[in-house]
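S.K.: Sharing a model that was predicted from the sequence below.
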Amino acid sequence: MSERVKTYPWDLVLFKELGLEPFDIKSGYKHHVGKVDFENGSWVQIWVVGEPAQFWEFEIYDNEAKTRYKVNTGSGTFGDFWPCVSKMARNLFTVRCCV
């Protein structure tokens, strides 16, 4: 029987606030958690991969800057990363490539 990965209990309040459904997935799979829309027309698509530690992927669209970002995280809770992700979607935190 394969290991299951569930939404961390401490993330449940934030999930509910954002209208996201808690998940219970098979370890090792990428799962689309949902989409969060902002009043300014920006949005964030959210995925999680459980190994069983949780790794997050975000596709962020900043409507003000008309910019799309893809962000991958190390292991952690959704609540660890959401503050920066939501600031990027609202054009309050920007990233520029310096290559």
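M.R.: Received the coordinates, thanks. None of these values were measured; they are calculated from a predicted model.

S.K.: contacts for the longest helix seen in the chain?
M.R.: The residue-count maximum for a helix in the chain (DSSP state H) belongs to helix 78-89. With contact meaning CB atoms under 8 Å, 6 or more residues apart in numbering, helix 78-89 is reached by 7-8, 10-11, 14-15, 36, 38, 42-44, 46, 48, 54, 56, 58, 60-62, 69, 71, 73, 93-95. C-beta: built from backbone N, CA, C; applies to glycine.

S.K.: Likewise for stretch 21-35?
M.R.: Applying CB under 8 Å, 6+ apart, the contact partners of stretch 21-35 are 2-7, 12, 15, 18-20, 43-52, 57.

S.K.: out of the contacts of helix 78-89, which are inside helices?
M.R.: If you go by DSSP H, the contacts of helix 78-89 have 14, 15 in helices.

S.K.: where does this structure dip in pLDDT?
M.R.: Where the chain drops to pLDDT under 70, the residues are 1-2.
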